[in-house]
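Participant: structure, please.
(2 chains)
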Amino acid sequence: MIKALFEYQFLQNAFLSGILASIVCGIIGVIIVEKKLVMMSGGIAHTSYGGIGLGYLMGFEPIIGAFLFSACAALGIGYIKRKGGTHSDVVIGLFWSLGMALGILFIFLMPGYPPDLSSYLFGSILSVTKADLYLMISLTVIIMFVIIALFNDWKAYLFDEEFATIRGIKTAFLEYLLLVLIAMTVVVLIRVVGIILVLALLTAPAAAAGMLTSNLKKRMIYSVILGMIFCISGLWISYVINIASGAAIVILSVICYFLIYMIRSIRRGLEQKKVATENERP
Amino acid sequence: MSGEYAVHIENLSVHYGQTPAIMGVCLDVSDGEYLGIIGPNGGGKSTLLKAILGLIPISSGNISIYGGNAHKNRSLVGYVPQFAVLNRKFPISLLEVVLTGHLKQGLSPFFRYSSKDEESVHALLERVGIESLANRQISELSGGEFQKMLIARALATNPKLLLLDEPTASVDAASRDQIYGLLAELNKNMTIILVTHDLLAVSSQVTRLACLNGQLVYHGEPELTEKVVNNLYSCPVDLIAHGVPHRVLRDHGEE
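Facilitator: This is a model prediction of the structure:
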């Protein structure tokens, strides 16, 4: 595969998009897991399907439509959640299905044969174009800049939002900003693993990193590294045995998460046993 | 008039949807006072603190802090929340948590804590007795250590008024005594409002007592009389869940 990587442009694009996806997953995934925003991220991701359908119908780049829809969904869910009056999971569910329904409707309204949307739904890292790559690079740079620049404010906000509010930190702004960053992350991930599988790549590296360290910065770094391992290995597996790349990446991520979980549980059990044995000694 | 008080509350009502949480509360807290607030679960104690802090919208009434708008003067207030609402597994160290008390208002891009900030935090940790745990992750702290960390974080904001929401809940007896000792010392320089279920300790700690059960049932000297308790808790069995049943049950002649 390494020889082919130097030979073929599409493999270079795939490799680079895997790296970019790992960076945004590593950073935003940790925040999503800690802030318990996994289902909200799922809602934002699925709403983007409406934008893809609109892009095809109106004749503009579907990924731009995906970003517009997911950003609007992020801000809409955030606004309704903040204003209260209804459960956020209800709003998430409604946005989730509305986005999918609009996507189906827009594709239905298209004249002629409907396009193949499986690359958006399940990802197709091997079909990432230069234009996709430029968009992914821009969004990754923005996400990294925003998180690094406001790292201490993020830390205070994520640990205790009330205290941060009392300190005068603009927590409402941070919340909306975070939701827009999640929308950006979703767009970066759509071409790699697709709308349906986004949640696995958002959570598996971050949750696995959470079992390896209890330092926020290190957790993000470990999560980025794990994401890279999952993406590149998944890409390699899909190349070698000729299966769908998005599915290979997600299955590998989930298997690795459970492996780390099992190893950690066994290690903890052995440690507890050792302590118990030592305590029993006279 | 309100300028004489640390907190001046006029006819305060707060609703959650259609449900009233606090109705018509009038309460003045003098500068330097140590006020204890007790009451049954759902009596509005935490709601009152959050209203003072401007964290929840009020339905009617007025709150001022040191004679000024409560929202504007919020920087004068230190707050210790109930630790049950916080994520104790969050990946952050004790030192990092207390340092957040030194964050600037608004947003501060590329903000780094100064060595002066770190020095003052270490001094605070020493004062509350957890200096040796500075670099420990919060997931490794006991209940008492966690509460002391939250008190240190509130003190890092250099407050004139300290609000504490059940700081001795889920804390062992030794830590509870240390926290009460620390609060008594802090009261020499700042006004304290303490929400607690700890009826046995509160009378001996505070200088004034307020009893809240939706409305202000009592506000005055800290001695808990049978009449005060009867007015506050209509059902003595309720108190068993609050962890201090014996004295109150005896007061009610149930034991």
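Participant: and residue 109, how many neighbours does it have?
Facilitator: In the absence of a named chain, chain A is used. Number of residues near A:Leu109 (other C-beta atoms under 10 Å in any protein chain shown) recorded here: 12. Just so you know, the C-beta spots here come from the backbone N, C-alpha and C atoms, and that holds for glycine as well.
Participant: try again with chain B
Facilitator: The number of residues packed around B:Pro109, counting by other C-beta under 10 Å, is 12.
Participant: that one is in contact with A:Ile148, isn't it?
Facilitator: No - using C-beta atoms under 8 Å, B:Pro109 is not in contact with A:Ile148, being 9.3 Å away.
Participant: from B:Tyr79, how far off is A:Gly227?
Facilitator: For A:Gly227, the distance to B:Tyr79 (C-beta to C-beta, to the nearest Å) stands at 37 Å.
Participant: now for the residue of chain B found nearest chain A: which residues touch it?
Facilitator: Per C-beta to the nearest C-beta, the residue of chain B with the smallest distance to chain A is B:Gln105, at 3.3 Å. By C-beta atoms under 8 Å, 6 or more residues apart in numbering or on different chains, B:Gln105 lies in contact with A:Arg167, A:Gly168, A:Ile169, B:Ser75.
Participant: from those residues, which is closest to A:Ala4?
Facilitator: A:Ile169 (49.3 Å; C-beta to C-beta).
Participant: torsion angles phi and psi at the nearest residue to the closest one once chain neighbours are set aside?
Facilitator: Counting by C-beta to C-beta, 6 or more residues apart in numbering or on different chains, A:Ile169 lies nearest to A:Asp153, which is 5.6 Å off, once chain neighbours are set aside. When read as degrees, to the nearest 10, the backbone of A:Asp153 gives phi -70, psi -40.
Participant: neighbours of A:Asp153, how many?
Facilitator: Neighbour count for A:Asp153, taken as other C-beta under 10 Å: 24.
Participant: that one contacts B:Thr100, correct?
Facilitator: No - taking contacts as C-beta under 8 Å, A:Asp153 lies outside contact range of B:Thr100: 9.1 Å.
Participant: now the common contact residues for the two.
Facilitator: A:Ala164.
Participant: which parts of the stretch 101-250 of chain A are helices?
Facilitator: A:118-122, A:130-149, A:151-159, A:161-166, A:171-193, A:198-210, A:216-241, A:245-280 (DSSP state H, counting those that start in this stretch).
Participant: tell me the most buried of these?
Facilitator: helix A:198-210 (a mean of 25; mean count of other C-beta atoms under 10 Å in any protein chain shown).
Participant: what's the spacing between the residue lying closest to B:Ile38 once chain neighbours are set aside and B:Leu12?
Facilitator: Leaving aside its sequence neighbours, B:Ile38 sits nearest to B:Cys211 (C-beta to C-beta, 6+ apart; 5.6 Å). Distance, B:Cys211 to B:Leu12, by C-beta to C-beta: 16 Å.
Participant: can you name the residues that contact the residue of the stretch 1-150 of chain A found nearest chain B?
Facilitator: Using C-beta to the nearest C-beta, the closest approach of the stretch 1-150 of chain A to chain B is made by A:Ala149 at 4.3 Å. Residues near A:Ala149 by C-beta under 8 Å, 6+ apart: B:Pro109, B:Phe110.
Participant: coming back round to it: can you select the buried ones from the contacts of B:Gln105 in ChimeraX?
Facilitator: If you want just the buried ones from the contacts of B:Gln105 in ChimeraX, going by 16 or more other C-beta atoms under 10 Å in any protein chain shown, the selection is:
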select /A:167,169
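Participant: can you put the contacts of B:Gln105 in CSV and add pLDDT and distance to A:Asn215?
Facilitator: CSV is the format used below for these (pLDDT from 0 to 100; distance: C-beta to C-beta, whole Å):
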residue, pLDDT, distance to A:Asn215
A:Arg167, 91, 22
A:Gly168, 91, 27
A:Ile169, 94, 22
B:Ser75, 89, 30
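Participant: export the helices of the stretch 101-250 of chain A to a markdown table and tack on distance to A:His87?
Facilitator: Shown next, in a markdown table, are the helices of the stretch 101-250 of chain A (distance: least, C-beta to C-beta, whole Å):
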| stretch | distance to A:His87 |
| --- | --- |
| helix A:118-122 | 28 |
| helix A:130-149 | 29 |
| helix A:151-159 | 22 |
| helix A:161-166 | 19 |
| helix A:171-193 | 17 |
| helix A:198-210 | 20 |
| helix A:216-241 | 29 |
| helix A:245-280 | 28 |
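Participant: can you put the ones you listed in a markdown table and add mean pLDDT and distance to B:Leu27?
Facilitator: Converted to a markdown table, the helices of the stretch 101-250 of chain A look like this (pLDDT from 0 to 100; distance: least, C-beta to C-beta, whole Å):
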| stretch | mean pLDDT | distance to B:Leu27 |
| --- | --- | --- |
| helix A:118-122 | 87 | 59 |
| helix A:130-149 | 93 | 42 |
| helix A:151-159 | 96 | 30 |
| helix A:161-166 | 94 | 20 |
| helix A:171-193 | 93 | 28 |
| helix A:198-210 | 94 | 44 |
| helix A:216-241 | 94 | 40 |
| helix A:245-280 | 91 | 50 |
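Participant: between these, which gets nearest to A:Val91?
Facilitator: helix A:171-193 (12.3 Å).
Participant: is that closest one in proximity to chain B?
Facilitator: Yes - applying C-beta under 8 Å from any C-beta of the partner chain, one finds helix A:171-193 touching chain B at A:Phe173, A:Leu174.
Participant: so which bits of the stretch 51-200 of chain B are right by chain A?
Facilitator: Contacts of the stretch 51-200 of chain B with chain A, taken as C-beta under 8 Å from any C-beta, map to B:53, B:55, B:74-75, B:77, B:79, B:81, B:85-87, B:89-93, B:96-97, B:100-101, B:103-113, B:137, B:139, B:153, B:157.
Participant: buried subset of those?
Facilitator: Counted by 16+ other C-beta under 10 Å, those give B:53, B:55, B:74, B:77, B:79, B:81, B:86, B:90-93, B:96-97, B:100-101, B:103, B:107, B:113, B:137, B:153, B:157 as buried.
Participant: would you mind checking the average pLDDT for the helix or strand hosting A:Gly99?
Facilitator: For A:Gly99, the host element (DSSP states H and E) is helix A:88-109. Mean per-residue pLDDT for helix A:88-109: 93.
Participant: any idea how far the residue of chain B closest to chain A is from A:Lys170?
Facilitator: 9 Å.
Participant: same check, this time on B:Ile179
Facilitator: Per C-beta to C-beta, B:Ile179 is found 32 Å from A:Lys170.
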